[in-house]
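Novice: The sequence isn't on hand, but the structure is:
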């Protein structure tokens, strides 16, 4: 079956739903958002990911209308949002605390926004029933929020924010209050609902796995700036900076000096060690300081020196993190550099090949690592 | 049950005697046959009979009720508004001064409040009567309401209001449909507090009452000076009864509501 790939951000014809144009937000002396320009497209599931205090929540509150940009404009469907108050925007928000109205039943909570629009009674009833069905809450319609479980409350919050069929749905840490198992199930449910309704979702999260799972694009933020906005695969495989490489997943960063050779660069990282080689499209000056970002699963570990690999180094196992299916080996090179290598535990623990203090060979191909300027 | 030591028993008895002995004496003597308050002459309910025929007492009771209803309602509206501003507006210029001024009447001696109000009413040429008592009671009970309501608002989740705005409410609708129903218990207890404060206020009412309107506490106080009549005992017994029934009902309702909520939450966890 031929499937068209959903990537409007690569289509110059595509019209973005949301445009940030030079948006800056300051609270007193503190700059929460620093001159950001980016687009979000219709039907996208866009994740804002970053540590707390990076400005991701401010970004979302500006979209909802609870904060106004200090400088710049935010356009929704080509229209400037600044003069439109939150209650007049075609944007709904799912709050981190869910913010369910405790004095109203599940049914009344979902109907709340529809009633404010003055829709006829039968239209409201039909829409609420549709939402209850979508979130599998039919049998809880008459209950009050304190009479249902946490996962059900989360679904009520989702149903309530979707009831008005917004152009854009904002989700502020929507799974923050759920336990790990429920969270995973809910992530898939959320993606399913997003696909069914065709609504554009913007999610704020500090959980990188969650962002990678649900989002069509992930924007990694730091100090009020988007450092990189790309598909989860590109963010992981082709980070544009040490910050992004380090923030997403496990990584070893090896600093060194670059020298052009062939289609890539030789990286001298320590006296007395062989240079490492990495293929790249990036252009660096001879002798420029660079960083090699190496994912642990792309590093092989062996007792004998492998003959066919471009990069081989020898070191001593300092630490082993046993994760059940995988083990991460922390290997120290003679110059003190640590490299993480991951191997699947295909055999039982008692028959493991390597142990603490063993001397081992690490190897990787010339395309395994990403060469970064800084 | 743990047995109490003799020391605990004694202190308990002393403490409760201290609190309730005067009231018990008052109640017992309201059923006294004799006109003398301190001499027991047999059981009778005749003083309750003469009480309902005493027009002066009934008029005063009616005035007191009207004053209490009006002043507590106005004080609740104003006090809730003040609490909203104090808790919500964040840091604005003069906030500390404003909040200090709201709470100052709590510790202000009543005599001073009464006197200053009296001077004000004379100054602007307002005839003293039921209207001035209502104004005075509103003034001093408003700060109690605002204390009660603002302590509830501090723990109120702001995102509930934001959710209401997000779903299309105006600011007023968000308050009417979401905030007010949720803080209603605090607003009601503020109203009850203002109501009781107004019911038993003697000092401020005596400063601001005029010949046209007398409240029950003033009436009781002035008739005591002519000698204590068992009628007053009967009246006080009725008031104690009303207050006791009110307090017990209120606490039973609260207790049942909280028990039901707990049961529901337990059921939700296991569902």
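Specialist: Everything's here; your move. Keep in mind that what you see is a predicted model, and the values were worked out from it rather than measured.
Novice: now the helices: where do they sit in chain B?
Specialist: Ranges of helices within chain B are B:6-30, B:46-53, B:55-88, B:95-107, B:110-123, B:130-154, B:158-166, B:171-174, B:180-199, B:203-208, B:216-224, B:230-270, based on DSSP state H.
Novice: how about the fourth one: buried residues?
Specialist: Within helix B:95-107, the residues that count as buried by 16 or more other Cβ atoms under 10 Å in any protein chain shown are B:99, B:102-103, B:105. C-beta coordinates here come from the backbone N, C-alpha and C atoms, glycine included.
Novice: Close to chain A: what parts of chain B are there?
Specialist: Remark: the part of chain B in contact with chain A comprises B:157, B:159-160, B:162-170, B:173, B:177-178, B:181-182, B:261, B:264-265, B:267-269, B:271, using Cβ under 8 Å from any Cβ of the partner chain.
Novice: What sits closest to residue A:240 if chain neighbours are left out?
Specialist: Distance criterion Cβ to Cβ, 6 or more residues apart in numbering or on different chains; nearest residue to residue A:240, sequence neighbours excluded, is residue A:228 at 4.8 Å.
Novice: Now list the buried members of the residues of chain B next to chain A.
Specialist: If you count burial by 16+ other Cβ under 10 Å, the buried members of these come out as B:159-160, B:162-169, B:177-178, B:182, B:268.
Novice: Need phi/psi at residue A:252.
Specialist: Summarising the backbone geometry of residue A:252 under the convention degrees, to the nearest 10, its torsions are phi -110, psi 130.
Novice: Kindly report the same for the one 4 residues further on.
Specialist: Backbone torsions for residue A:256, taken as degrees, to the nearest 10, come to phi -170, psi -170.
Novice: Any stretches of chain A with poor pLDDT?
Specialist: Where chain A drops to pLDDT under 70, the residues are A:1-3, A:349-351, A:374.
Novice: nope, the stretch 151-271 of chain B is what I meant
Specialist: Regions of the stretch 151-271 of chain B meeting the criterion pLDDT under 70 cover residues B:268-271.
Novice: Recalculate using a threshold of 80.
Specialist: The stretch 151-271 of chain B contains residues with pLDDT under 80 at B:227-228, B:246, B:250, B:254, B:257-258, B:261-271.
Novice: backbone phi and psi for residue B:227, please?
Specialist: According to degrees, to the nearest 10, the main-chain angles of residue B:227 amount to phi 110, psi 140.
Novice: From residue A:51, how far off is it?
Specialist: 79 Å (Cβ to Cβ, to the nearest Å).
Novice: cool, and residue A:240?
Specialist: Counting by Cβ to Cβ, the gap between residue A:240 and residue A:51 amounts to 18 Å.
Novice: count of residues packed around the residue nearest to residue A:240?
Specialist: Applying other Cβ atoms under 10 Å in any protein chain shown, we find 22 other residues in the vicinity of residue A:228.
Novice: For it, which residues are in contact?
Specialist: Taking Cβ atoms under 8 Å, 6 or more residues apart in numbering or on different chains as the criterion, residue A:228 is in contact with A:219-220, A:235, A:239-241, A:244.
Novice: rerun at 10 Å
Specialist: Contacts here follow Cβ atoms under 10 Å, 6 or more residues apart in numbering or on different chains; on that basis residue A:228 touches A:49, A:217-222, A:234-235, A:238-241, A:243-245, A:247-248.
Novice: Among the residues you listed, which are located in strands?
Specialist: Secondary structure of the contacts of residue A:228 is defined by DSSP state E; positions in strands are A:49, A:217-222.
Novice: these two touch, right, residue A:299 and residue A:306?
Specialist: No. If you go by Cβ atoms under 10 Å, residue A:299 and residue A:306 don't touch, sitting 11.5 Å apart.
Novice: Need the overlap of contacts for the two.
Specialist: A:362-364.
Novice: In strands only, show me these.
Specialist: Judged by DSSP E, the subset of those located in strands is A:362-364.
Novice: Can you list the strands that the strand or helix carrying the residue nearest to residue A:240 pairs with?
Specialist: When secondary structure is defined using DSSP states H and E, the element that contains residue A:228 is strand A:225-230. Looking at strand A:225-230 with DSSP bridges, its paired strands and their directions are strand A:217-222 (antiparallel).
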